[in-house]
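Novice: Here is a sequence together with a model predicted from it:
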Amino acid sequence: MQDSTAVSEASPHPLRPWLKVVIAFILLDVVVFRCGLFWRLTPDFGADLAAAVWSQVYMNASVVERERPANAVTLVGSSVVGVGIFPELLAAQLGTDQVPANVVKLSTFGASCTDSALMAWSALNMRPWLVIYGAIPRDFGKSGYRETPVFRTFYDSSTRLPLVPAPDTATWLDGEVRHWWKLYRYRFFARAALRGVVSKSLDLLPASVFADEEPAVADDVERFPRGHVAPEAYAAWTEWRKTRRFSDYLKYLQLGEAGKWALQGYQSENMVNNGPASNPHVASLKWLLELLRRNHTRVVLALFPENPVFRDPEARPYLDQTLSDTYARLLRNDARDYGARFVDLRGALEAEDFYDLRHPNIEGARKLTHVIGQIIEEEWQARQQAAGAVNG
């Protein structure tokens, strides 16, 4: 008779194959994501604006996963932060003034306030001493906040966002897996990488965003880079500089696809669609401020510049001044309540410094970068004084 003990010892445990699978997935997660191999790839997201947003989210995730700069400062926001701040100029300014700050910029086209809160939250592993949120009223649109690429990538069960209701079992499990398993969290990126590594660079602004595909006039290279403004639009902009009439500025915007798209968006920004009443993003902002306060992180809420051209009475359909003033008060009050700082930058730039209502052009970005640098310097000095008072 065969020895049953020997048979038992020879038979593998039924859970052993599954244990090997789990170990293999863990090793894959460590090697591919935590060691940084995956972030050297350039996934193929396509060529439209949605693809550009996914590219930006991918780059932001790469920064969050790989970089651990000393004395980090996190700067978050939508495209106004993306095109409005030049990291190289900012680093040079801070270096010249001997301010120990390494600025990490995390931004995407169309980022909501909730998106910015999630990006700031995801960057806490860098232990920033300062977080700056470059806000605009558009960030508080009440619809579609859970379908954004940022939300789909960075949200997990550990965020405890107030706008997300108590999850059912499946949603809770999904959030837990996203929190612990990088391959699951970044599976969209992995699929894009498998479609092929593309040779083109992930430009900050694809040509279709602020320009036609015609060669641009380069007479004002200090303000408009090549490929961003078509000749007819530049001619209209030049005419506006002479007349200063809003109708001429409107013509300049309407001559470009991006300008026409932006004008449509401005007309939908009002107290009904973006106001603070029953607005989930207001709760997200408070969640972030409380989180950073508990973390002893300094915070600046900066309401970003608005083009003074749109203060013309003819521009009322495109700029709801009541909405703008409402968010100035809201950000100021929230900053006061949570020990943060509010800075109103709506009037920081001149009309010639914009592409449209809110996006600074090259010269505008230079000026705005300098202002942000000054804010960082002031916050560093205040931090040093506070530390000296405590130690004293």
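Specialist: Right, received. Where do you want to start?
Novice: quick one: the strands in the chain?
Specialist: For the chain, applying DSSP state E gives strands covering 72-77, 102-107, 130-135, 298-303, 341-344.
Novice: now for these, which one comes closest to residue 90?
Specialist: Closest approach to residue 90 among the strands of the chain (C-beta to C-beta): strand 102-107, 5.4 Å. Just so you know, the C-beta spots here come from the backbone N, C-alpha and C atoms, and that holds for glycine as well.
Novice: Run through who's touching the closest one.
Specialist: By C-beta atoms under 8 Å, 6 or more residues apart in numbering, the residues outside strand 102-107 that reach it are 56, 60, 63-64, 67, 69-79, 81-82, 85, 87, 90-91, 94, 119-120, 122-123, 126, 128, 134, 376.
Novice: Now, these that are in helices?
Specialist: When DSSP state H is applied, those are split such that 56, 60, 63-64, 79, 81-82, 87, 90-91, 94, 119-120, 122, 376 fall in helices.
Novice: Compare the strands of the chain and give me the one nearest residue 268.
Specialist: Set against residue 268 and scored by C-beta to C-beta, the strands of the chain come closest in strand 130-135, at 18.0 Å.
Novice: Tell me which other helices or strands the closest one touches.
Specialist: Judged by 3 or more C-beta pairs under 8 Å, 6 or more residues apart in numbering; DSSP states H and E, strand 130-135 is in contact with strand 72-77, helix 79-84, helix 113-122, helix 280-294, strand 298-303, helix 362-391.
Novice: mind checking which helix or strand of this structure has the lowest mean pLDDT?
Specialist: Of all the helices and strands that make up the chain, helix 207-210 has the lowest average by mean pLDDT, DSSP states H and E, namely a mean of 43.
Novice: burial measure for the nearest residue to residue 102 once chain neighbours are set aside, as a count.
Specialist: The shortest distance from residue 102 to any residue other than its chain neighbours is 3.7 Å, reached at residue 69 (C-beta to C-beta, 6 or more residues apart in numbering). Summarising burial for residue 69: neighbours were counted as other C-beta atoms under 10 Å, giving 14.
Novice: contacting residues for residue 69?
Specialist: Residue 69 makes contacts with 102, 104, 126, as judged by C-beta under 8 Å, 6+ apart.
Novice: Got a PyMOL select line for the buried ones in the residues you listed?
Specialist: Here is the PyMOL selection string for the buried members of these, based on 16 or more other C-beta atoms under 10 Å:
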select buried, resi 102+104+126
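Novice: Quick one: end-to-end length of stretch 313-321, please.
Specialist: Across stretch 313-321, the terminal residues are separated by 11 Å (C-alpha to C-alpha, to the nearest Å).
Novice: same question, stretch 292-305
Specialist: Across stretch 292-305, the terminal residues are separated by 25 Å (C-alpha to C-alpha).
Novice: just curious, which of the ones in helices among the contacts of strand 102-107 is nearest to residue 271?
Specialist: Once C-beta to C-beta is applied, the member of the ones in helices among the contacts of strand 102-107 that ends up nearest residue 271 is residue 79, at 22.9 Å.
Novice: For the closest one, which non-adjacent residue is spatially closest?
Specialist: Nearest residue to residue 79, sequence neighbours excluded (C-beta to C-beta, 6+ apart): residue 109, at 4.6 Å.
Novice: Kindly provide the distance from the one you found to residue 367.
Specialist: Per C-beta to C-beta, to the nearest Å, residue 109 is found 22 Å from residue 367.
Novice: And for residue 235?
Specialist: 25 Å.
Novice: do residue 359 as well
Specialist: Counting by C-beta to C-beta, the gap between residue 359 and residue 367 amounts to 13 Å.
Novice: Same question for stretch 95-107: list its buried residues.
Specialist: Counting neighbours by 16+ other C-beta under 10 Å, stretch 95-107 gives 99, 101-107 as buried.
Novice: how about TSV for those residues, with distance to residue 324 and pLDDT added?
Specialist: Rendered in TSV, the data for the buried residues of stretch 95-107 read as follows (distance: C-beta to C-beta, whole Å; pLDDT from 0 to 100):
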residue	distance to residue 324	pLDDT
99	31	93
101	29	94
102	32	95
103	26	96
104	28	97
105	24	98
106	24	98
107	20	97
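Novice: Tell me if I'm right that residue 300 and residue 131 touch.
Specialist: Yes: taking C-beta atoms under 8 Å as the contact criterion, residue 300 and residue 131 are neighbours in contact, 7.5 Å apart.
Novice: which one of residue 109 and residue 367 has more residues nearby?
Specialist: Under the neighbour definition other C-beta under 10 Å, residue 109 and residue 367 were set side by side, and residue 109 has more, 20 against 16.
Novice: pLDDT value on that one, please?
Specialist: What the model reports as pLDDT for residue 109 is 95.
Novice: That one and residue 50, how far apart?
Specialist: Separation of residue 109 from residue 50 (C-beta to C-beta) stands at 9 Å.
Novice: Tell me who's in contact with residue 355.
Specialist: 83, 210, 228-229, 361.
Novice: That one and residue 75, how far apart?
Specialist: From residue 355 over to residue 75 (counting by C-beta to C-beta), the distance is 20 Å.
Novice: Please name the bridge partners of the residue most central in space within the chain.
Specialist: The C-alpha lying nearest the average C-alpha coordinate of the chain belongs to residue 107 (C-alpha atoms, centre = their mean; 2.2 Å). The partner list for residue 107 in beta bridges (DSSP bridges) reads residue 77.
Novice: That one and residue 379, how far apart?
Specialist: Using C-beta to C-beta, residue 107 is found at 19 Å from residue 379.
Novice: Buried ones among the contacts of strand 102-107?
Specialist: Using 16+ other C-beta under 10 Å as the threshold, 56, 60, 63-64, 71-79, 81-82, 85, 90, 94, 119-120, 122-123, 126, 128, 134, 376 are the buried ones among the contacts of strand 102-107.
Novice: Domains in the chain, by residue range?
Specialist: The record assigns the chain these domain ranges, following automatic domain parsing: 21-211+256-391, 212-255.
Novice: wait, residue 247 sits on residue 312?
Specialist: No: the pair residue 247 and residue 312 does not pass the contact test of C-beta under 8 Å, sitting 9.1 Å apart.
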